[in-house]
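Trainee: I'd like to go over a predicted model; first the sequence, then the structure.
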Amino acid sequence: MIQTAPAKNVKQSSAVDSAPTANYLKTISKDAPAGLVVFLVALPLCLGISLASGAPLLSGVITGIVGGVLVSWLSGSQLSVSGPAAGLTVIVLTAINTLGSFQALLAATVIAGLIQLALGFLRAGIIGMYFPSSVIKGMLAAIGLILILKQIPHFLGADTDYFEDMDFFQFNGQNTFSAIGTAFKAISLGSTLIGLVSIGILLAWESKPMQRLTAIRKVPAALLVVLISIGMNVALSSASPALRINPDHLVKLPVVSSLMGLIGELTFPDWSALTKPITYGVAFTIAIVASLESLLSVEAVDKLDPHKRHTAPNRELKAQGVGNIVAALVGGLPMTAVIVRSSANINAGAQTKMSAFIHGLLLLMSILFLAPFLNLIPLSALAAVLLMVGFKLTKPALYRTQWKLGWEQFMPFIVTVVAILFTDLLKGVCVGLVVGVFFILKANLESAFFFHREPVREHNTIHLKLSEHVSFLNKASIITTLDRFKAGTHVILDGSDSVSIDYDVLEAIENFRQTADERGINLELRAIPQVAVLGH
């Protein structure tokens, strides 16, 4: 980039830490219920991801605990929730087979955490600021659609797939749509009845008449759903055994009788795996994918945050790195910031990171004290909670708003939605980014926003004044515009207001200057430096 004029005296606003400095206990009345809701949603997700990853069942819960108790305070995000991610299941499953053991994967995850720490200190998190708003909104809408589609079989009590399978093609050979069709052929009346009652409670709880009651607002609807669903399942089992919910469709938390028993269940890294080069390849893959998912998630959370607080991406990478190191040292799966649990957190009314911390504490308590009780929770009740979260993420109003913004915003948005729906999160976002970049390039080719015509008195004179910053993206449009001028035209190309003009653009202008006389064009350059062009 070539500087062509002194930079204008622009007042820079100082960076302000948007995190609240007041005591976190001031918002505990909202954060505690939200933490409880996130815990109820996170528990089956942690267990399901462990199962799908081919890892010990407790490994996902351990990661959820570390994400809540530790990473919530290290992260700059006030509302993001970290834990095991569905997007890493295939990578983890493949890595265990490649490395030969889960213990070897833990060693690779420690290295992945160190890589994330290095990326944070190298300020690589800035990439998170380059995700277009339309793509982030498309990602949220797609996650909402996937939640709805994926939870329908669980809602009907007719799905054997794990609880947070977000991919279109499932492990059992079906896809998202075929699984729904199969579920409708094998409906469990007990699960469906509990699911319908749960949805009814959630809708009623958010109605205006109910929200006017102070006592109602203090009780998390998800907690009421869980308690009533357990009571209904017990009652149905006694009154009509045919309606009893299949154990496969209940929460399955391992029962640990004591703290020593929990320690005995932990798995530790196999450090001998560090002598194998393939371990570092696995570590690099985990680090990059986990970092990208975390940056995408916190960017999306910032958009959902009612207070519009901004998360420092480099701090997030460091937090995730420390989290992965600690989780792997005690037998946990790789972690990321996760959008599903974060969305549930926001929808539940969370105000600060205290809610994520409380969810982590509850996960720890659930292993030590609550397993027998929690194993009575029907998955259809939790599916109802996620159905509501999904609907809020993909409301029809969002699609209408994006449509009204024009094709440049709608196309990257809808392409991202469709791509994520039929592939996975990272692939879908990459496709959306490609479409977004296409429209950026197209806009630079077709429009002349980088300069404007100045009024002049002379006949057939055109005064083009370049904007403050002219980048290589403007090159195609400048060349196209200059090529349209006819013989006899007086062109004034003015860079007096420009702070910087990219070399590629200057080269294009120089090429035009050298051929202007031959074309019968009178070219006048103002405050535009000449550059050496190869071949001249």
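Mentor: Perfect, I can see it now. Residues are numbered from 1 along each chain as shown.
Trainee: Point me to the residue sitting closest to the centre of the protein.
Mentor: The centre of the chain sits closest to Ser297, judged by C-alpha atoms, centre = their mean, with a distance of 2.5 Å.
Trainee: That one and Ser82: what is the separation?
Mentor: 9 Å (C-beta to C-beta, to the nearest Å). (Each C-beta comes from the backbone N, C-alpha and C, glycine too.)
Trainee: what's the overlap in contacts for the two?
Mentor: Counting by C-beta atoms under 8 Å, 6 or more residues apart in numbering, the common neighbours of Ser297 and Ser82 are 336-338.
Trainee: and of those, the nearest to Ala179?
Mentor: For the shared contacts of Ser297 and Ser82, the residue nearest Ala179 by C-beta to C-beta is Val338; the value is 21.8 Å.
Trainee: quick one: secondary structure of Phe512?
Mentor: Three-state assignment for Phe512 (DSSP: H, G, I helix; E, B strand; the rest coil): helix.
Trainee: My error: substitute Pro254 in the last question.
Mentor: Look at Pro254: counting by three-state DSSP, its state is coil.
Trainee: How confident was the prediction at it?
Mentor: For Pro254, the pLDDT comes out at 82.
Trainee: Phe163 now?
Mentor: 56.
Trainee: Repeat that for the one 4 residues further on.
Mentor: According to the per-residue confidence, Asp167 scores 72 in pLDDT.
Trainee: Number of residues surrounding it?
Mentor: By other C-beta atoms under 10 Å, 20 other residues sit near Asp167.
Trainee: so where does it fall, helix or strand?
Mentor: Following DSSP states H and E, one finds Asp167 outside all helices and strands.
Trainee: Please report phi then psi for the residue nearest to it when sequence neighbours are not counted.
Mentor: Closest residue in space to Asp167, ignoring its immediate chain neighbours: Asp424 at 5.3 Å, by C-beta to C-beta, 6 or more residues apart in numbering. Per-residue torsions, Asp424: phi -150, psi -180 (degrees, to the nearest 10).
Trainee: Quick check, Asp424 in contact with Thr176.
Mentor: No. The pair Asp424 and Thr176 fails to qualify as a contact (C-beta atoms under 8 Å) at a distance of 11.5 Å.
Trainee: closest to Ala112 among the shared contacts of Ser297 and Ser82?
Mentor: Of these, the one sitting nearest to Ala112 (C-beta to C-beta) turns out to be Thr336, at 10.9 Å.
Trainee: Quick check: phi and psi at Gln402.
Mentor: phi -60, psi -40.
Trainee: And the pLDDT for it?
Mentor: 92.
Trainee: so it touches Gln409, yeah?
Mentor: Yes. Between Gln402 and Gln409 there is a contact at 5.7 Å, judged by C-beta under 8 Å.
Trainee: Need the overlap of contacts for these two.
Mentor: With contacts defined as C-beta under 8 Å, 6+ apart, the residues shared by Gln402 and Gln409 are Ser134.
Trainee: Quick check: phi and psi on Val37?
Mentor: According to degrees, to the nearest 10, Val37 has phi -60, psi -50.
Trainee: neighbours around the closest residue to Leu25 other than its chain neighbours, how many?
Mentor: Of all residues not flanking Leu25 in the chain, Met354 sits nearest, at 8.0 Å (C-beta to C-beta, 6+ apart). The tally of other residues near Met354 (other C-beta under 10 Å) stands at 22.
Trainee: so where's the chain shaky on pLDDT?
Mentor: 1-22, 159-166, 171-172, 217, 443-459, 532-536 (pLDDT under 70).
Trainee: mind checking how far Asn175 is from Pro153?
Mentor: Look at Asn175 and Pro153: by C-beta to C-beta, they are 12 Å apart.
Trainee: ok, these two, which is more surrounded?
Mentor: More neighbours surround Pro153 than the other of Asn175 and Pro153, with 28 against 13 (other C-beta under 10 Å).
Trainee: ok, now how distant is that one from Leu99?
Mentor: From Pro153 across to Leu99, the span is 33 Å (C-beta to C-beta).
Trainee: so what does the helix or strand hosting Gly120 touch, helix or strand wise?
Mentor: Per DSSP H and E: Gly120 is located in helix 102-121. Packing partners of helix 102-121 (3 or more C-beta pairs under 8 Å, 6 or more residues apart in numbering; DSSP states H and E): helix 89-99, helix 277-304, helix 313-329.
Trainee: Give me the angle between the second one and helix 89-99.
Mentor: Interaxial angle of helix 277-304 relative to helix 89-99 (axes from the mean of the first three to the mean of the last three C-alpha atoms, to 10 degrees): 170 degrees.
Trainee: that older thread, relative to Lys276, which of the shared contacts of Ser297 and Ser82 is nearest.
Mentor: Distances from Lys276 to those, taken by C-beta to C-beta, are shortest for Thr336, at 24.7 Å.
Trainee: can you pull up the bridge partners for that closest one?
Mentor: Gly83 (DSSP bridges).
Trainee: Pretty sure it sits against Gln320.
Mentor: Yes. Under the criterion of C-beta under 8 Å, Thr336 makes contact with Gln320 at 6.6 Å.
Trainee: Report the set of residues contacting both of the two.
Mentor: Joint contacts of Thr336 and Gln320 (C-beta under 8 Å, 6+ apart) are 82, 290, 294.
Trainee: Measure how buried the first one is and give me the count.
Mentor: Put plainly, it is Ser82. The burial count for Ser82: 33, using other C-beta under 10 Å.
Trainee: Leaving out sequence neighbours, find the closest residue to it.
Mentor: Gly67 is the one closest to Ser82 (C-beta to C-beta, 6+ apart), at 3.3 Å.
Trainee: burial of that neighbour, as a residue count?
Mentor: Using other C-beta under 10 Å: Gly67 sits among 36 other residues.
Trainee: Contacts only, for it.
Mentor: Gly67 touches 81-83, 323, 327, 335, 356, 360, counting by C-beta under 8 Å, 6+ apart.
Trainee: ditto for Ser72
Mentor: 81-82, 353, 356-357, 360 are the contacts of Ser72 under C-beta under 8 Å, 6+ apart.
Trainee: hmm, 7 Å instead?
Mentor: 353, 356-357, 360 (C-beta atoms under 7 Å, 6 or more residues apart in numbering).
Trainee: three-state assignment of Lys465?
Mentor: strand.
Trainee: hang on, the earlier thing: mind listing what's buried in the helix or strand just after the helix holding Gly120?
Mentor: For helix 102-121, the succeeding helix or strand toward the C-terminus, using DSSP H and E, is helix 133-155. Of the residues in helix 133-155, those buried under the neighbour-count criterion (16 or more other C-beta atoms under 10 Å) are 134-155.
Trainee: Can you list the buried residues in the helix or strand just after helix 133-155?
Mentor: Per DSSP H and E, helix 133-155 leads on to helix 176-185 as the next helix or strand towards the C-terminus. Neighbour-count burial for helix 176-185, with 16+ other C-beta under 10 Å as criterion, is recorded at 176, 179-180, 182-183.
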